[in-house]
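**Q** please work out how this folds:
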Amino acid sequence: MKNNQHIKGSFRLILVLLLMGCIAITVVITGLLARNANSIEVSQWTQERLLPTVSVTKPENNETTDLLELAGRLQAYKQSAIYARVDGYINNWYFDIGDKVVQGDILAELDTPELDAQLLAAIADSKRSQAELELAESTVKRWRNLVKTKAVSEQDLAQRESEYRAAQAQLESATARVRQLEIQKSMALVKAPFDGIITARNKDTGDLINAGSDNSEPLFRLATTGQLRLNVFVPQKSAQHVTVGSKASVTVPDYPNKTYDAEVARTNTVVDPQSGTMMVQIIINNQSGELLSGAYANVLLPLSSNSAMVTVPSSALIFNADGLSLAIVEVTDGETASVQIQPVEIARDLGRTVEIIQGIGEHQMIIANPPDGIQNGDRVRVVNSAKDS
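**A** Predicted structure coming up:
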């Protein structure tokens, strides 16, 4: 009986020990597993904290992408440097700077003594040639009558007729010389070639004029300012969208709150290989006379194409050997994201922002300040996702 009780007590003790051992083993295993899990979690947290931290943004639609803003200098629609066509002295001038003239007005008159002497000599030569022609004509008539009576030979008559024709040619040459000098003399009156305003007068009464000198200075400068020209240079990306006849708006610093109507008059249809631009000429109505030729002006030029363009911060651009690109992110796991490098083409640099014409959509998220050396497939930690806004 005692042995049975002893055996039962020993059995209970073994069961208790086994149970305690199992509990201890369970506690140890649970601790080890929890410790390992904590270690993995800490490792993951540490790895995430080692990822580059970036802020992201979405491209914005540019409400003014259909307008191209350019700058240039206003020019008179017609302008001319007026030179003397003959040598002489300024005898008188009749208009000065700022005076309005109409086509044909005499601006100045030259005294041309040498030309006058040449003209008198040419007139005298013409009269002498006329007299010689009359003599030759009467001689031919007499010799024709003598030939009929056989008093002279046909050969002698042919010689006199030749002399008559030579006298005719001499008279024509002398007459042409007189006309030439008369035309030159008429150029002593310097006339306005078109309606306009005198913008410069460089000579005064008594000044000697050498018409054939390479370094001669113009007597006057004349400009038409009722219309002005503005030559601007359109980037190649936008050149094909500029059409003749399109309306434009012009502003000048003198009148910052006022715009002037303008129109695209013509383009040279050629892209300059050095600057990558095409010249466009714009005509501005300036009947009020407010705009000054030579002044600085801005023009808003409409584009015929509604090409989809978005703007992104300039800081988002990546410059490398492959060209320009943006870092696009896709948030896939909490705050971390995978990076994709996307090449892009820009339309205009607006300073803090740039217009992107190709390579990016308005719904994609881009890194606003990509870290150096970022590559395809890199992971980053996003601090402000556009998805959360």
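**Q** tell me the contacts of residue 251?
**A** 258-260, 297-300 (C-beta atoms under 8 Å, 6 or more residues apart in numbering). Yep, even glycine has a C-beta here, placed from its N, CA and C like the rest.
**Q** check residue 327 too.
**A** The contact partners of residue 327, by C-beta under 8 Å, 6+ apart, come to 54, 316, 318, 339-342, 366-367, 370, 374.
**Q** sec struct for residue 374, please.
**A** Following DSSP: H, G, I helix; E, B strand; the rest coil, residue 374 is assigned to coil.
**Q** you'd agree it is up against residue 342?
**A** No - counting by C-beta atoms under 8 Å, residue 374 does not reach residue 342; the two are 12.0 Å apart.
**Q** thinking again about what came up before, so can I have JSON lines of the contacts of residue 251 showing distance to residue 151 and secondary structure?
**A** As requested, the contacts of residue 251 are arranged in JSON lines below (distance: C-beta to C-beta, whole Å; DSSP: H, G, I helix; E, B strand; the rest coil):
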{"residue": "258", "distance to residue 151": "96", "secondary structure": "strand"}
{"residue": "259", "distance to residue 151": "95", "secondary structure": "strand"}
{"residue": "260", "distance to residue 151": "90", "secondary structure": "strand"}
{"residue": "297", "distance to residue 151": "89", "secondary structure": "strand"}
{"residue": "298", "distance to residue 151": "94", "secondary structure": "strand"}
{"residue": "299", "distance to residue 151": "90", "secondary structure": "strand"}
{"residue": "300", "distance to residue 151": "95", "secondary structure": "strand"}
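**Q** may I see the PyMOL selection of the buried members of those?
**A** To isolate the buried ones among the contacts of residue 251 in PyMOL, judged by 16 or more other C-beta atoms under 10 Å, type:
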select buried, resi 260+297+298+299+300
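**Q** follow-up on the earlier one: got a markdown table for the contacts of residue 327, with pLDDT, secondary structure and neighbour count too?
**A** A markdown table is the format used below for the contacts of residue 327 (pLDDT from 0 to 100; DSSP: H, G, I helix; E, B strand; the rest coil; neighbours: other C-beta atoms under 10 Å):
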| residue | pLDDT | secondary structure | neighbour count |
| --- | --- | --- | --- |
| 54 | 80 | strand | 21 |
| 316 | 84 | helix | 22 |
| 318 | 86 | strand | 18 |
| 339 | 83 | strand | 21 |
| 340 | 84 | strand | 17 |
| 341 | 85 | strand | 17 |
| 342 | 84 | strand | 17 |
| 366 | 85 | strand | 24 |
| 367 | 84 | strand | 24 |
| 370 | 85 | coil | 22 |
| 374 | 82 | coil | 16 |
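**Q** report the two of those separated the most.
**A** The most widely separated members of these, counting by C-beta to C-beta, are 54 and 342 (15.2 Å).
**Q** assign residue 160 to helix, strand or coil.
**A** Recorded secondary structure, residue 160: helix (three-state DSSP).
**Q** show me what contacts it?
**A** Residues counted as contacts of residue 160 (C-beta under 8 Å, 6+ apart) are 136, 139-140, 143.
**Q** can you tell me how far it sits from residue 20?
**A** Residue 160 sits 163 Å away from residue 20, going by C-beta to C-beta, to the nearest Å.
**Q** could you check how far the nearest residue to residue 355 once chain neighbours are set aside is from residue 279?
**A** Closest residue to residue 355 apart from its sequence neighbours, by C-beta to C-beta, 6 or more residues apart in numbering: residue 347 at 4.1 Å. Between residue 347 and residue 279 the distance is 19 Å, computed by C-beta to C-beta.
**Q** who's more crowded, those two?
**A** Between residue 347 and residue 279, counted using other C-beta atoms under 10 Å, residue 347 has the larger neighbour count: 21 against 18.
**Q** would you mind measuring from the more buried one to residue 311?
**A** Distance, residue 347 to residue 311, using C-beta to C-beta: 10 Å.
**Q** need the overlap of contacts for those two.
**A** Counting by C-beta under 8 Å, 6+ apart, the residues touching both residue 347 and residue 311 are 355-356.
**Q** on that earlier part again, ok, the contacts of residue 160 vs residue 293, which is closest?
**A** Using C-beta to C-beta, the shortest approach to residue 293 within those belongs to residue 136, at 61.5 Å.
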